[in-house]
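Make a model of this:
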Amino acid sequence: MTCDIDNYQMNERYRFRVFDMTGRKTHKEMIFSNQQTINLSNLPKRMYIFQVVNKNNALKGIGKILIQ
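So this is what the prediction gives:
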């Protein structure tokens, strides 16, 4: 999948985190640009929640991902 971040700030660090529906973290990755490809092919087929947070853990984005 590709993660696009609006208002990306070069001096800010972002983390992309994926959680299963029980709240268990299944994937995490640093984001280094306003558009980055993230490989989630190792995750089982189901629904997930994703978050994008900055270095202070302030939530910058949230959504759902359905892996089929």
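
Nearest residue to the residue most central in space within the chain in space, ignoring adjacent ones along the chain?
Nearest to the mean C-alpha position of the chain, by CA atoms, centre = their mean, lies F16 at 2.9 Å. In space, F16 comes closest to E29 once its chain neighbours are excluded; the distance is 4.9 Å by CB to CB, 6 or more residues apart in numbering. From N, CA and C alone the C-beta is placed, and that goes for glycine too.

what's the answer for V52, then?
G61 (3.9 Å).

Now do the SS call for the one you found.
Judged by DSSP: H, G, I helix; E, B strand; the rest coil, the three-state class of G61 is strand.

That one - how many residues pack around it?
14 (other CB atoms under 10 Å).

Flag every buried residue along whichever strand or helix holds the residue nearest to the centre of the chain.
Here F16 sits within strand 14-19, counting by DSSP states H and E. Residues of strand 14-19 classed as buried: Y14, F16, R17, V18, F19 (neighbour count, 16 or more other CB atoms under 10 Å).

nearest to I67, of these?
Nearest to I67 among those, counting by CB to CB, is V18 at 9.6 Å.

ok, the closest one - contacts?
K25, T26, H27, K28, L40, L43, Y48, I49, F50, I65 (CB atoms under 8 Å, 6 or more residues apart in numbering).
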